[in-house]
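Engineer: take a look and give me a structure for this.
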Amino acid sequence: MASRSWRWLRVRILGLLDARLMYVALADGSLLPVPGSRLGRHFQQQT
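Structural biologist: Next up is the predicted model:
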């Protein structure tokens, strides 16, 4: 890990945060947008 550059780390972190949205179908037929990554779902505001 010590041989990795800061650019490498930055690219990996941004890749986790920039994952595409997924849509979950609800019982009433509407779609709920959900972040595509586990990290994004963790930090998503609960409504």
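
Engineer: and whichever helix in the chain runs longest, what does it pack onto?
Structural biologist: In the chain, with assignment by DSSP state H, the single longest helix is helix 6-17. Applying 3 or more Cβ pairs under 8 Å, 6 or more residues apart in numbering; DSSP states H and E, one finds that helix 6-17 contacts helix 38-43. Glycine gets a C-beta too; all of them are placed from N, C-alpha and C.

Engineer: how about the helix it packs on: buried residues?
Structural biologist: For helix 38-43, the buried set under the neighbour-count rule, 16 or more other Cβ atoms under 10 Å, comprises residue 40.

Engineer: number the chain from 160, please
Structural biologist: Done: numbering now begins at 160, and the last item shifts to helix 197-202.

Engineer: need the CA coordinates for the longest helix of the chain. PDB is fine.
Structural biologist: Taking Å, rounded to 0.1, in the frame of the first residue of the first chain, the C-alpha atoms of helix 165-176 are listed here in PDB:
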ATOM      1  CA  TRP A 165      -2.300   9.700  -3.800                       C
ATOM      2  CA  ARG A 166      -3.900   9.800  -7.200                       C
ATOM      3  CA  TRP A 167      -4.600   6.100  -7.000                       C
ATOM      4  CA  LEU A 168      -6.400   6.500  -3.600                       C
ATOM      5  CA  ARG A 169      -8.400   9.500  -4.900                       C
ATOM      6  CA  VAL A 170      -9.600   7.700  -7.900                       C
ATOM      7  CA  ARG A 171     -10.700   4.700  -5.800                       C
ATOM      8  CA  ILE A 172     -12.600   6.900  -3.300                       C
ATOM      9  CA  LEU A 173     -14.300   8.900  -6.000                       C
ATOM     10  CA  GLY A 174     -15.300   5.700  -7.700                       C
ATOM     11  CA  LEU A 175     -17.100   4.600  -4.500                       C
ATOM     12  CA  LEU A 176     -18.900   7.900  -4.200                       C
END
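
Engineer: what's that helix in contact with?
Structural biologist: 196, 198, 199 (Cβ atoms under 8 Å, 6 or more residues apart in numbering).

Engineer: next structured bit after it?
Structural biologist: strand 180-184 (DSSP states H and E).

Engineer: what's that following strand in contact with?
Structural biologist: 190, 191, 192, 193, 194, 195.
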